[in-house]
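Visitor: Make a model of this:
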Amino acid sequence: MGLIKTVTEKPWERKGVIGGMAPEGTFAAESERVALVFFLVIATVVFSLFMVSYYLRMELPDWEPLSEPAQLWFNTGLLVASSVLFQWSRNIVVRDHTRNLYTSFFGAGVLAILFIVAQMVTWNHLQAGGFYLSSNPAIAFYYLLTGLHALHLIGGLWVWSKCAIRLTSGGEPGEVRLSIQLCTIYWHFLLLVWIVLFAILANT
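Guide: Predicted structure coming up:
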């Protein structure tokens with residue numbers, strides 16, 4: 001009888017699997033966290049394909065590598081500092097504290113915005129020096145890779161701005177805990193991607 005009951009049992013009809021609390025032992029995760037993981041996997045594949053294309057294109061004779069703009073070191077420092085502040089804000093909300101949360105979270109976003117501005121300044125300096133998209137494939141790839149990274153960062157800033165608005169409009173830190181944690185994960189990912197891109201651009 002026990003075997004028959006197990007075979008004919010319909011677990012999806014159990015109360016709590018859908019629309020309620022998951023039974024003990026059932027995998028449970030926030031939908032936002034799952035969505036972010038899927039997005040990061042896709043973004044990793046996209047960046048990896050572009051990096052592989054970069055290395056393959058280098059083998060052709062018309063490749064003229066671009067000298068590393070010195071300002072990229074400053075830009076990298078901004079992104080590192082932004083990621084550190086995001087981690088700080090994440091640690092604060094995880095511990096259910098509020099002290100320095102606004103300083104760390106808003107500071108992280110401001111530094112990320114400054115990184116975008118600094119990247120635009122770098123692009124303007126390159127164009128002023130006669131380095132355009134059509135100049136040669138190496139320069140075109142530089143704009144493509146750094147521009148793609150900047151677009152991902154802008155998308156992250158949109159999520160950050162929504163969370164910042166909730167905080168400034170009186171929302172409790174606990175209500176935005178998940179958003180801050182996901183922002184932190186995303187920023188660490190973009191920092192890692194940038195370090196890899198920076199290493200490729202600086203050594204080729």
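
Visitor: in this protein, which ranges drop under the pLDDT threshold?
Guide: The chain contains residues with pLDDT under 70 at 1-29, 68, 171, 173, 203-204.

Visitor: quick one: buried residues of the helix of greatest length in it?
Guide: Taking DSSP state H as the assignment, the helix of the chain that covers the most residues is helix 137-168. Using 16 or more other C-beta atoms under 10 Å as the test for burial, helix 137-168 gives 137-143, 145-146, 148-150, 152-153, 156-157, 160, 163-164, 167. Glycine gets a C-beta too; all of them are placed from N, C-alpha and C.

Visitor: Can you name every helix or strand that that helix contacts?
Guide: Contact here means 3 or more C-beta pairs under 8 Å, 6 or more residues apart in numbering; DSSP states H and E; on that basis helix 137-168 packs against helix 31-57, helix 101-128, helix 177-202.

Visitor: and of these, who's closest to residue 75?
Guide: helix 101-128 (4.5 Å; C-beta to C-beta).

Visitor: ok and that closest one relative to helix 177-202, angle-wise?
Guide: Inter-element angle recorded for helix 101-128 and helix 177-202: 30 degrees (by axes from the mean of the first three to the mean of the last three C-alpha atoms, to 10 degrees).

Visitor: for helix 101-128, packing partners?
Guide: For helix 101-128, the packing partners by 3+ C-beta pairs under 8 Å, 6+ apart are helix 71-94, helix 137-168, helix 177-202.

Visitor: Report how many residues lie close to the residue lying closest to residue 177 once chain neighbours are set aside.
Guide: Spatial nearest neighbour of residue 177, chain neighbours left out: residue 93 (4.5 Å); criterion: C-beta to C-beta, 6 or more residues apart in numbering. Using other C-beta atoms under 10 Å, residue 93 is surrounded by 22 other residues.

Visitor: re earlier: rebuild the helices and strands packed on helix 137-168 as CSV, extending it with mean neighbour count.
Guide: Below are the helices and strands packed on helix 137-168 laid out as CSV (neighbours: other C-beta atoms under 10 Å):
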stretch, mean neighbour count
helix 31-57, 13
helix 101-128, 17
helix 177-202, 19
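
Visitor: I'd like these as JSON lines, with distance to residue 67 appended.
Guide: Formatted as JSON lines, the helices and strands packed on helix 137-168 follow (distance: least, C-beta to C-beta, whole Å):
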{"stretch": "helix 31-57", "distance to residue 67": "16"}
{"stretch": "helix 101-128", "distance to residue 67": "10"}
{"stretch": "helix 177-202", "distance to residue 67": "10"}
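
Visitor: hang on, the earlier thing: distance to residue 44 added to the helices and strands packed on helix 101-128, as CSV?
Guide: Shown next, in CSV, are the helices and strands packed on helix 101-128 (distance: least, C-beta to C-beta, whole Å):
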stretch, distance to residue 44
helix 71-94, 17
helix 137-168, 11
helix 177-202, 8
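
Visitor: Quick one: closest of these to residue 60.
Guide: Here helix 137-168 is closest among the helices and strands packed on helix 101-128 (C-beta to C-beta), at 7.4 Å.
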